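Undergrad: Give me coordinates for this.
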Amino acid sequence: MFGNPGKAPVTLTPAAAAQVARLVAREDAAGLRIGVKKGGCAGMEYTMEVVAKADPLDEVVELGGARVMIAPMAQMFLLGTEIDYEVSLLESGFRFRNPNVVDACGCGESVKFRDPDQATNG
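TA: Take a look at the predicted model:
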């Protein structure tokens, strides 16, 4: 839909793909939907939810048994994003390496995106 034809709007590291596949299998779901919403101290937050089926307007990315659906409103904000899953002694979770982010809050839970008219298509 956006970006380069034939190129996925987001990529998943092997660790992220494995974690998404585990979540989807555990919930017997269609995939993991990723979106964005207003909130947090930087202005926007990523959302993630395991869903039973894709919305017809979702952009679907499949890799290594993992299926990620990108909500329509989030597609332009996530172009070029690499999604990773990291595990440390204190926490584990998905990490978004997003070239469209211009600022993030100190805790990393919310982000600010460059204006859509300045966004690149990667």
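Undergrad: Quick one: distance of the helix or strand harbouring residue 18 to the chain centre.
TA: Using DSSP states H and E, residue 18 falls within helix 14-27. Its chain's C-alpha centre and that of helix 14-27 lie 14 Å apart, by C-alpha atoms, centre = their mean, to the nearest Å.
Undergrad: cool, stretch 36-53 as well?
TA: Distance of stretch 36-53 from its chain centroid, counting by C-alpha atoms, centre = their mean, is 9 Å.
Undergrad: do the same with stretch 26-34
TA: Counting by C-alpha atoms, centre = their mean, stretch 26-34 comes out at 13 Å from the chain centroid.
Undergrad: which outside residues touch that stretch?
TA: With C-beta atoms under 8 Å, 6 or more residues apart in numbering as the test, stretch 26-34 has contacts from 10, 20, 23-24, 46-55, 58, 60, 66-71, 74, 78, 83. The way it works is simple: take the backbone N, C-alpha and C, and place the C-beta from them, glycine included.
Undergrad: any idea which residue sits dead centre in this structure?
TA: By C-alpha atoms, centre = their mean, the chain has its centre lying nearest to residue 34, at 4.8 Å.
Undergrad: separation between that one and residue 66?
TA: 12 Å (C-beta to C-beta, to the nearest Å).
Undergrad: got it, and residue 9?
TA: Taking C-beta to C-beta, one finds residue 9 at 15 Å from residue 66.
Undergrad: And for residue 95, the neighbour number?
TA: 14 (other C-beta atoms under 10 Å).
Undergrad: Spell out the secondary structure type for the closest residue to it other than its chain neighbours.
TA: Spatial nearest neighbour of residue 95, excluding adjacent residues (C-beta to C-beta, 6 or more residues apart in numbering): residue 84 at 4.6 Å. Classification of residue 84 using DSSP: H, G, I helix; E, B strand; the rest coil returns strand.
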